[in-house]
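**Q** Got a predicted structure here, sequence first:
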Amino acid sequence: MSDLDGSIGFMTSMGDQSDTFLGTLKKKGFIDHEIISFYTSRTGKQSYIKFGSMDLSAFQETPNLVGTTNSTTWSLNMASASISGTSITMIDGMVLNFDPMLPYLYFPSILWASYSEFIIQVYGQGVTCNDFNGACMFNFACNKIDSASASHAFEIGVDDIYGNSATVSLNTFALLQDGAEFGDSASCYIPIFKNGQGNQNVVTYG
């Protein structure tokens, strides 16, 4: 049985203050703007959500604000993708969609093919990428992996029609997941998976 009691959608009301969660909060005067901010931490600091505005004190520097592709999704225009400075093949119209209901990062087939080739080049015989399963994994447990050799900067560049831009930066070593999560305790997975079924111009960031 799940520990969750339910789920809340964070879609905006598209200006009509309809019965969405954010629209209802604004209609009742609890918030001034249909904004939701997520603050997450891996260092032991508290993670939290703020409704109606951003907590600018949570940033070490002034944040770059990038507009979504439209008012009905949490998608950003995806301008580039690279690992340790090496670009991953892009296609026109690619978007980065944030979906907190999903646990990992999912690439459409064209991006995953380029990414998996690069991963194999970097790690050589220590890594296997299975195109059928759409996953890349080390052929041994995560606790046997050296952080220095496994750390690579994975960066996604986003922008909007107003000329604003920002970079989503991840460390591949920090992403590693024990294979037991996927029924394969002898391996260590890099949780960037292939999405060969859905919209092929969308990268999903869970």
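**A** Sure thing, it's come through.
**Q** hey, let's count contacts and neighbours off CA atoms from now on
**A** Fine.
**Q** Contacts only, for Ser185.
**A** Ala141, Asp178, Gly179 (C-alpha atoms under 8 Å, 6 or more residues apart in numbering).
**Q** wait, what's in contact with the last one?
**A** When contacts are counted by C-alpha under 8 Å, 6+ apart, Gly179 is found next to Ala141, Ser185, Ala186, Ser187, Cys188, Tyr189.
**Q** Mind doing that once more with 7 Å?
**A** Ser185, Ala186, Ser187, Cys188, Tyr189 (C-alpha atoms under 7 Å, 6 or more residues apart in numbering).
**Q** Asn97: which of the residues you listed is nearest?
**A** Comparing those against Asn97 with C-alpha to C-alpha places Tyr189 closest, at 22.1 Å.
**Q** I'd like to know the beta-bridge partner residues of the closest one.
**A** Tyr189 forms beta bridges with Met137, Gln177, as assigned by DSSP bridges.
**Q** my guess is it meets Cys136, correct?
**A** Yes: Tyr189 is within contact range of Cys136, at 6.2 Å (criterion: C-alpha atoms under 7 Å).
**Q** what about those two, which has more around it?
**A** Tyr189 (27 against 24; other C-alpha atoms under 10 Å).
**Q** hang on, the earlier thing: output the contacts of Ser185 in CSV, with pLDDT and distance to Lys27 appended to each entry.
**A** CSV is the format used below for the contacts of Ser185 (pLDDT from 0 to 100; distance: C-alpha to C-alpha, whole Å):
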residue, pLDDT, distance to Lys27
Ala141, 89, 51
Asp178, 92, 45
Gly179, 90, 46
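**Q** Pop the domain breakdown of the chain in here.
**A** 1-63, 64-205 (automatic domain parsing).
**Q** any idea which of these is most buried?
**A** domain 64-205 (a mean of 16; mean count of other C-alpha atoms under 10 Å).
**Q** which one of the contacts of Gly179 is nearest Ser37?
**A** Checking those against Ser37 with C-alpha to C-alpha, the nearest one is Tyr189 at 29.3 Å.
**Q** how about low-confidence regions in the chain?
**A** 1-9, 11-18, 41-44, 148, 196, 198-199 (pLDDT under 70).
**Q** what's next to the longest strand along the chain, contact-wise?
**A** For the chain, the strand with the greatest residue count under DSSP state E is strand 75-83. For strand 75-83, the surrounding residues in contact (C-alpha under 7 Å, 6+ apart) are 67-69, 87-88, 90, 94-98, 152-160.
**Q** ranges for the helices of this structure?
**A** 21-27, 109-123, 147-150, 172-175 (DSSP state H).
**Q** now for the second one, which elements pack on it?
**A** Applying 3 or more C-alpha pairs under 7 Å, 6 or more residues apart in numbering; DSSP states H and E, one finds that helix 109-123 makes contact with strand 192-195.
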